[in-house]
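>>> sequence first, predicted model second:
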Amino acid sequence: MSQWRGRLEENAELERAVDWVQRYYHLVLGVLLLGFMLWNRVRPWENFVVDGEVLFSGNDAWYHYRSTAYTVRNWPQTMAFDPWTYFSNGTDVGQFGTLLDQLMATVALIVGLGSPSDQTVKLVVLFAPAVIAVLAGFPTYYIGRRLSGRIGGIVALTVLALSAGSVVQRSMVGFSDHHIAEVLFQALGVLGTMVAVSVTRRDRPVYEQFVDRDIDGLRDTIVWSVLAGFAISLYLWVWPFGILLVGILGVYLLLQMNIEFMRGESPEHTAIAGAIALGVTSLLMFVPITTAEFTVGTFSLLHPTVAALVALGCVFLAWLAREWEARDIDAVFYPLSVLSIIVVGAIAARVLTPGVFDLFANNIVRVFGGVIGIDPSAQAGTIAEVSQLRQPVRVLFQAHGFAVFLALIGALVIVFRNLIGSKVPPERLLVVVWTAFVVAAALTQGRFAYYLAIPFGVLTAYVVGHALSWANTETDDSTIETYQVLTVVAILFLVVAPMAAVASPTDISRYDSPGQGIEGWTDGLEYLQDQTPKEGTYGGETNDMEYYGSYENTDDFDYQPGQYGVLSWWDYGHWITTQGERIPNANPFQQGATNAANFLLAPNETQANDVLDEIDENDTHTRYIAIDWKMAESNGQIGGKYFAPTEFYDESNVNRQDYYGPISYQLGRGGQTLSFNYHTQKYYESTVIRLYKFHGSAVEPQPIVTDWNLSTTQNGRQIRVSQGGQAIQTFQSMEKARAYARNDTTSVVGGIGSAPAKRVPAMEHYRLVGTSEKSATDSGRYNRGAAFTALGAGLQFQQVNSTSECSSNVTIPLGGGSLGCVPEQTDQFLHPTSPQWVKMFERVPGATIEGNGPENATVRASVEMYNPASNETFTYTQQAQTDEDGNFNMTVPYSTTGYDEYGPDNGHTNVSVRANSSYQFAASSFDNGTITQWTGSTEVHEAAVIGDDDEPIQVELNSTEIDVQEQGNETNETSGINATDNSTTDDSDTSTATPSGTATATPGGTETATPSGTTTATPTATETATPTGN
């Protein structure tokens, strides 16, 4: 080394170059790392501009765009109340319309020279998360530098730049949520507090200096503590739930002051920093307050109150320490007395203010309960980001590599040094406490994992700094030697290599587009925006709503006639508001979720109507229902969301097992285990299924049975298993199918595809009016679900070489470059109507049809409807019973004429799904060897369906007699003559023998859409083929 140093001294130019590297290497590396972070996050940005329209990832990003667009128009004001969501109440926007939206609006105004277009605002919001991620690198560097010098700063920044997983996902272009902004501003708050407590440790301020107004002696303490309080406030201004940082700082200050007192030092210096910082935070949190209540999710009195309590707690602990010293009490009793005071205070709060106590307790458990095995509530668990982090060690190692373990080592070293009485800089314990709470939060709610990159990075930096010290190196910036650099490189390699090998941060394939969800909804919402009346104009009313208007905050907004709601699952509320410019009944704040669940799972139309009637007020109503394929899909493994409403439904006590259950099967001999769901009658009777799958039409049972065996797993759990991949049994009549199910309690009648166990009646007041052009078959997950069901049930499934060889659009990749194909006949059985991504339904009064036919008979009405978006037809059917005089009446929701007379311009829907024919009526009667067939037809005008014409439509059925021989007179219940269906099924989990002679019955001419000859095993060519990408 000395020889190398000598050579440098002989070469002045080389020595200057080395000196320059030693002086500025951290800047060069910092710029490279920050540049990499920005490039990695913005490179797929063009994928988010689809047909010229900017699309965001997820749900909340859309509402941040709305909040930002509002502030652009009303700068610097933010939206306090929004009636464009949560019909019929409106909502306080809570954690939206915060500092983040103000910052994005300000940038948009600058970029747009004071008048940005909506496209400019969208582009600013699109790129914001990537830019904020880069800004987060600055506090990361400075925290790391405070722990281990410039090398520590670079190490911390390296860990942040190379971390994968949620921190990358939530800072990608397009993921314009507040998550990465939380990371940035929380790190700023921690950094500010670190500086404040370090300055007070250096300057050692005391109470008497304030009394004496020693400004010079207190200047640094006050300035840095005030800045720390301001930084903490910025975090809370970005995210009201950030009050958790105040709690973290409170715990840290409590521990730090007790440690200092036990070491024989005065805790007063730290108390002063804490009191000033949190006192400033308390004052600043009065600025954004929108409610005098104590709530966490909105700016309320809770925020300044909690900060003030922590500040007062610091003052109290400092005073108590002085009293302890003055009374010469043993130091060991100080922490015991503090603990006792806290316990007594908690008990008093529980008794005197139980509501406030429960608020704190519930939120502590909600955020940190995972460390003691408490999972979020069942309802919160339906939110992906709120669910508990599964396999945390694997997930964290994949995201951060060895930084996870190095951070743990660093934390343990700091804790150990504090325990043995070493004089550890106070800021180090702050980093440990901060990390511990963030880890606990991530274990409880997986969403908080994006916070971990920075604390893991700075603790790794601390370990690297100590590793250099243990190697007898000097970390003073002015004396860095070559071998020190090599040592750092080796340590960095140890940190970086596993991160790059396990989960490369450049692998952004899962985050490089807005996702098929919003793309699938976009054209459906375009239909809603363009082909339905604007808010306030439904029915010809003139109560237009200003989309970016300013509205007074209220608990129950006074909607005017013509203003209406759109019901869908809460996931899609923000999309409906921003893309459809309509008012959703439910939104991702989970407001309206229970009402939405009660409607979607309503077992009959009367209850569904009652749910909407409870929501509606005066002359304002829920007019449209928006349903996508995921809402009707029970298989959560492929993205289905049918399970979620069961967690919110409160009309009766139900769970998902009341609607469906999995049946497992093995793909080929020794192949992978897959599963599909069978469905109960409750599933078929639920409103969401009756609408999405059957478009409100009646559904008849079919003579099939879903059959399974019971098997016990190694852990003792019983599961349903398909019998050799042959779960479907077919029969020649419903009587035989029901008899089979009665004798085999591990089977149900129907239960798969379009086959309920009992007849499902038609809906009278809901009609399909439009759909997205995009089909669910564009989704690989949807296709896998169909393929796995076909394979497990024993329906026809083919192996083909290209999509052109498949008779349907449902294909999945198989090994060897071939494709698995669900043939058209099987697909139609599984999905009886075209599975467009989104379907829009309208609630209408319906047209009343009156007529006359045979007495005491069943009259069936049907009409063929055409959907231009899918270029396919479906048939709506309904039936009515005639009385003893042959009279009948029915209410139908679909019109056949008059479409062009109504549209958005006069306050009605421009119906896209239109009839190909008039309504056709048919009935039959049998008497003395003669069958009489009754037929008729009629048109139904749009005016009658929407209530503009209340006059009943008359139809007269004409009869035709057919003579038959006596031996040919036998009929059965599937013939369409006076058919009724009141049977039930039994699905208990006890196994009985399968009746012999029926398992392979394959009747010809049954209406099961099961291809002839396909009820046997899967074709040889595909039995052992393994679907990929699942």
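Okay, I see it.
>>> how near is residue 708 to residue 679?
Plainly put, residue 708 is 13 Å away from residue 679 if you go by C-beta to C-beta, to the nearest Å. Heads up, the C-betas are built off the backbone N, CA and C, glycines and all.
>>> on the three-state scheme, the residue nearest to residue 633 when sequence neighbours are not counted is what?
Closest residue to residue 633 apart from its sequence neighbours, by C-beta to C-beta, 6 or more residues apart in numbering: residue 640 at 3.2 Å. Going by DSSP: H, G, I helix; E, B strand; the rest coil, the secondary structure assigned to residue 640 is coil.
>>> for stretch 632-640, give the mean pLDDT please.
Mean per-residue pLDDT for stretch 632-640: 91.
>>> give me the helices and strands touching the helix or strand where residue 303 lies, please.
Using DSSP states H and E, residue 303 falls within helix 302-326. Where contact means 3 or more C-beta pairs under 8 Å, 6 or more residues apart in numbering; DSSP states H and E, helix 302-326 is packed against helix 243-262, helix 268-284, helix 333-352.
>>> ok and the helix or strand where residue 428 lies relative to helix 268-284, angle-wise?
Here residue 428 sits within helix 426-444, counting by DSSP H and E. Per axes from the mean of the first three to the mean of the last three C-alpha atoms, to 10 degrees, the angle that helix 426-444 makes with helix 268-284 is 50 degrees.
>>> which elements pack onto helix 426-444?
On a contact count with 3+ C-beta pairs under 8 Å, 6+ apart, helix 426-444 meets helix 118-162, helix 179-203, helix 243-262, helix 354-368, helix 403-419, helix 453-470.
>>> list every C-alpha atom in that helix, with coordinates, as CSV.
This file holds the C-alpha atoms of helix 426-444, laid out as CSV (Å, rounded to 0.1, in the frame of the first residue of the first chain):
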residue,chain,number,x,y,z
PRO,A,426,-29.6,8.7,20.8
GLU,A,427,-30.5,8.8,17.1
ARG,A,428,-29.4,5.1,16.8
LEU,A,429,-32.1,3.8,19.2
LEU,A,430,-34.6,5.9,17.2
VAL,A,431,-33.7,4.0,14.1
VAL,A,432,-34.2,0.7,15.9
VAL,A,433,-37.5,1.6,17.4
TRP,A,434,-38.7,2.9,14.0
THR,A,435,-37.6,-0.2,12.2
ALA,A,436,-39.3,-2.5,14.9
PHE,A,437,-42.6,-0.8,14.5
VAL,A,438,-42.5,-0.7,10.7
VAL,A,439,-41.7,-4.5,10.7
ALA,A,440,-44.6,-5.1,13.1
ALA,A,441,-46.9,-3.1,10.9
ALA,A,442,-45.7,-5.0,7.7
LEU,A,443,-46.3,-8.4,9.4
THR,A,444,-49.9,-7.3,10.3
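>>> and that helix, what's buried?
Of all the residues in helix 426-444, those buried under the rule 16 or more other C-beta atoms under 10 Å are 426-444.
>>> again, but for stretch 926-935
926, 931, 932, 934.
>>> which pLDDT value belongs to the first one?
Pointing back at residue 926 there. 78.
>>> pretty sure it sits in a helix.
No - Residue 926: not assigned to a helix; according to three-state DSSP it is strand.
>>> which residues does it bridge with?
residue 931 (DSSP bridges).
>>> make residue 1 into 13 and carry on from there
Understood, numbering begins at 13; the last thing we discussed is residue 938.
>>> would you check that residue 232 makes contact with residue 213?
No - assessed by C-beta atoms under 8 Å, residue 232 is found out of contact with residue 213, at 11.5 Å.
>>> contacts only, for the nearest residue in space to residue 423 that is not next to it in sequence.
Counting by C-beta to C-beta, 6+ apart, residue 423 lies nearest to residue 444, which is 4.7 Å off, once chain neighbours are set aside. Shown in contact with residue 444 (C-beta atoms under 8 Å, 6 or more residues apart in numbering): 423, 426, 427, 471.
>>> any chance of the residues you listed in JSON lines, plus neighbour count and distance to residue 665?
JSON lines is the format used below for the contacts of residue 444 (neighbours: other C-beta atoms under 10 Å; distance: C-beta to C-beta, whole Å):
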{"residue": "423", "neighbour count": "23", "distance to residue 665": "46"}
{"residue": "426", "neighbour count": "23", "distance to residue 665": "50"}
{"residue": "427", "neighbour count": "16", "distance to residue 665": "48"}
{"residue": "471", "neighbour count": "31", "distance to residue 665": "48"}
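>>> which among those residues gets closest to residue 123?
Nearest to residue 123, judged by C-beta to C-beta, of the contacts of residue 444 is residue 471 at 37.9 Å.
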